[in-house]
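**Q** Using only what follows, build the 3D model:
(one chain, ligands or ions: 1)
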Amino acid sequence: STEGTAKATVPKDRLLGGLLSPDFNEQSCLSRYQSMLHRKASPYIVSSHLTSKLRKYEELHKKCAPNTPLFKKSLQQLKKKQSMDQLECNYVLWSPVAGIGNRMLTLVSAFLYALLTNRVMLIHQTADMVDLFCEPFPGSTWYLPSDFPINIYGYDVHSQNSYGFMVAHNLINSDHDSPPSALPPFMYLHIKYNYREQDLHTRFFCADDQEVISKINWILLKSDNYIVPGLFMVPKFEKELERMFPLKETVFHNLGRYLLHPSNSVWGMVMRYHKSYLAKAKEKIGIQARIFFWAPISIDELYKQIVVCTQIKSILPQLNPEQSENSSMATDEASPRAVLVTSLYGELYDRIRDMYYMHSTTTGEIISVYQPSHDENQQFDQLVHNQKALAEIWLLSFSDVLITTSGSTFGYVSYSLASIKPFFLLSSKDQKFPHPPCRRSITLDPCFHSPPDFICKTSNKTDSVKLARYLRHCEDYGEGIKLF
Ligand code: GDP
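**A** Numbers count the residues shown, from 1 in each chain. The predicted structure is shown next:
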């Protein structure tokens with residue numbers, strides 16, 4: 001909720017209230033200290049507990065990063081059969097799954113998990129990510145070295161050294177009193193969309209299982225889910241989370257602005273587009289439109305949904321039925337309202353642009369409509385495609401108003417970074433848009449699409465929102481949960 005939020009005192013504070021470390025060379029990552037110049041100021045205060053936690057993490061990361069003696073020591077442990085109690089540096093490894101939106105959500109999730117468990121997060125850099133994000137930790141690297149002895153690709157839902165498999169087959173004891181010497185030094189945690197169907201992967205969110213996992217020196221986490229709301233289900237994390245985030249819905253907003261900074265190549269794209277088309281607008285309206293296989297809809301129908309939504313929510317002016325130019329009512333034409341359409345489809349943009357090209361508006365305002373790219377299909381493993389996607393997420397995050405697609409992580413990331421509660425385009429039914437066509441989000445944090453749905457102690461099924469405080473079902477995705 002917006003209650004209890006206070007205006008940040010210095011709106012263009014380049015360190016975002018202590019969220020960002022001052023210890024970087026600005027030129028190495030221009031987006032880090034410049035994004036806020038183009039975004040509306042965040043109304044949310046960053047807690048001092050979070051900032052001190054981040055500074056401590058940066059120290060730990062420096063101490064344990066690749067090429068340090070402590071890293072080498074932990075690496076040697078991998079060759080042994082068992083975890084070790086007294087290692088100073090323990091790790092959580094992140095590996096990319098799905099599109100850019102999903103990846104940003106899981107990077108933040110894994111990082112928060114690292115903060116809560118005193119681990120260091122390292123990432124598996126694939127070729128489609130080499131020039132996407134800046135290094136987030138000062139004087140250090142977050143990339144796993146390429147000669148890392150474990151083949152990260154080799155792990156998926158059926159892997160026999162996943163935590164779920166090992167518990168299901170009694171290969172390890174989920175009794176949290178087991179000593180580390182009874183546990184392997186490396187463990188795979190599978191929390192992808194299909195994780196609830198197999199074995200016991202879901203027990204990741206149970207208190208006893210977290211005790212066991214905490215003793216394992218190296219863990220690899222593969223997920224396409226925003227698991228942060230699930231971390232609130234673990235009692236021993238809850239207090240710490242409350243201290244870091246007095247306002248629960250600001251988790252991604254704050255950690256995303258801390259961790260995720262587009263590389264200079266992507267920032268160049270963002271700035272060239274922004275300055276060419278959007279910077280002078282008096283109001284920027286972002287429309288992010290996706291079509292999912294589980295909610296099929298024609299471009300024509302999606303176009304109509306967007307028109308009806310923007311009219312009934314008074315986001316964009318109506319068309320003048322007279323056809324004639326209504327110049328007497330025109331407002332400041334030097335700075336029209338700008339609509340940024342991001343979508344894989346060029347036709348959708350053509351329709352929206354034509355509407356305001358062929359007709360004047362009842363208010364006399366001029367509406368300019370832009371679309372940076374339209375690749376038509378989602379492409380996998382391509383750096384340039386990913387760079388465009390990230391640039392568009394960033395451009396959307398400079399908006400004043402956002403309309404995003406239900407269930408789209410691409411949309412979640414843009415509105416959460418922007419601190420804007422978006423209007424969700426609600427999913428189609430029988431290929432038609434529903435009525436109402438869109439609904440405003442009540443909160444700012446992204447949705448966890450496939451949360452656990454059972455009570456740890458009894459394994460009895462329950463409504464996921466009952467598993468922790470501060471949870472509600474997502475407005476755009478009924479079975480998902482989100483923080484409020
Ligand atoms: P989600 O599927 O909507 O949850 O979002 P993801 O970002 O995880 O995956 C969708 C992927 O499709 C993106 O990462 C892009 O590669 C591509 N994509 C989808 N919509 C757009 C868009 O509007 N612009 C661009 N450039 N790419 C898009």
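**Q** list the contacts for the closest residue to M84 other than its chain neighbours?
**A** Using CB to CB, 6 or more residues apart in numbering and skipping the chain neighbours, the partner closest in space to M84 is Q77 (5.6 Å). C-beta: built from backbone N, CA, C; applies to glycine. By CB atoms under 8 Å, 6 or more residues apart in numbering, the contact set of Q77 is 83-84, 87, 185, 217-218.
**Q** Widest-spaced pair of the residues you listed?
**A** When CB to CB is used, the two most widely separated members of the contacts of Q77 are M84 and W218, lying 10.8 Å apart.
**Q** how about stretch 459-470: buried residues?
**A** Going by neighbour count (16 or more other CB atoms under 10 Å), the buried part of stretch 459-470 is 464-465, 467-468, 470.
**Q** correction: stretch 136-151
**A** Neighbour-count burial for stretch 136-151 flags 136-138, 140-142, 144 (criterion: 16+ other CB under 10 Å).
**Q** so what sits against both of M84 and W218?
**A** 77, 185.
**Q** quick check, nearest of the buried residues of stretch 459-470 to the ligand?
**A** For the buried residues of stretch 459-470, the residue nearest the ligand by CB to the nearest ligand atom is S464; the value is 19.6 Å.
**Q** Three-state assignment for the closest residue to that closest one other than its chain neighbours, please.
**A** Computed as CB to CB, 6+ apart, the closest residue to S464 that is not its neighbour in sequence is P451, at 4.2 Å. Following DSSP: H, G, I helix; E, B strand; the rest coil, P451 is assigned to coil.
**Q** got the contact list for P451?
**A** 205, 229-230, 464, 467, 479-481.
**Q** For the stretch 301-450 of the chain, which residues are neighbours of the ligand?
**A** Counting by CB under 6 Å from any ligand atom, the positions of the stretch 301-450 of the chain adjacent to the ligand are 342-344, 373, 375, 378, 385-386, 388-389, 392, 408-410.
**Q** picking up where we left off before, between M84 and W218, which has more neighbouring residues?
**A** Using other CB atoms under 10 Å, the more surrounded residue of M84 and W218 is W218, with 23 against 17.
**Q** remind me which residues of the stretch 51-200 of the chain are low pLDDT?
**A** Where the stretch 51-200 of the chain drops to pLDDT under 70, the residues are 174, 176, 198-199.
**Q** who in it is up against the ligand?
**A** Checking the stretch 51-200 of the chain against the ligand by CB under 6 Å from any ligand atom, the hits are 98-102.
**Q** nearest to G17, of the contacts of P451?
**A** Compare each of the contacts of P451 with G17 using CB to CB and the shortest gap goes to P229, at 23.9 Å.
**Q** residues in contact with the closest one?
**A** Going by CB under 8 Å, 6+ apart, P229 touches 445, 448, 451, 468, 471, 481-483.
**Q** just to revisit the earlier point, what about the contacts of P451, which are in helices?
**A** Members of the contacts of P451 lying in helices (criterion: DSSP state H): 229-230.
**Q** same for the ligand: which of the contacts of P451 are within range?
**A** Applying CB under 6 Å from any ligand atom to these, none is adjacent to the ligand.
**Q** And the furthest pair within the contacts of P451?
**A** F205 and E479 (15.5 Å).
**Q** Which of those two has more residues huddled nearby?
**A** Set side by side, F205 and E479 show more neighbours around F205, with 23 against 14, by other CB under 10 Å.
**Q** nearest residue to A110 other than its sequence neighbours?
**A** Nearest to A110 is W94, by CB to CB, 6+ apart, at 4.4 Å.
**Q** Tell me where the stretch 101-250 of the chain has strands.
**A** Here the stretch 101-250 of the chain has its strands, by DSSP state E, counting those that start in this stretch, at 120-123, 186-191, 218-223.
**Q** Sheet-wise, list the partners of the last one with their directions.
**A** Neighbouring strands of strand 218-223 in its sheet, by DSSP bridges, are strand 91-94 (parallel), strand 186-191 (parallel).
**Q** of all those strands, which lies closest to G286?
**A** strand 91-94 (27.7 Å).
**Q** what residues does that closest one touch?
**A** Contacting residues not belonging to strand 91-94 are listed as 64, 74, 106-107, 110, 113-114, 117, 119-124, 144, 152, 217-221 [CB under 8 Å, 6+ apart].
**Q** coming back round to it: which of the buried residues of stretch 459-470 lies closest to S21?
**A** Relative to S21, and with distances defined as CB to CB, the nearest of these is Y470, at 28.4 Å.
**Q** Please report how far that closest one lies from L93.
**A** 28 Å (CB to CB, to the nearest Å).
**Q** tell me the SS of the closest residue to K280 other than its chain neighbours?
**A** Leaving aside its sequence neighbours, K280 sits nearest to S335 (CB to CB, 6+ apart; 5.4 Å). Three-state assignment for S335 (three-state DSSP): coil.
**Q** Next, the contact list for the most centrally placed residue in the chain, please.
**A** Ranked by distance to the mean C-alpha position of the chain (CA atoms, centre = their mean), the top residue is L105 at 2.9 Å. L105 makes contacts with 224-226, 252, 409, 412-413, 446, as judged by CB under 8 Å, 6+ apart.
**Q** at 6 Å instead, please
**A** 226, 409, 446 (CB atoms under 6 Å, 6 or more residues apart in numbering).
**Q** For S74, pull up the helix or strand it's in.
**A** helix 69-79 (DSSP states H and E).
**Q** can you pull the buried residues of that helix?
**A** 71, 74-75, 77.
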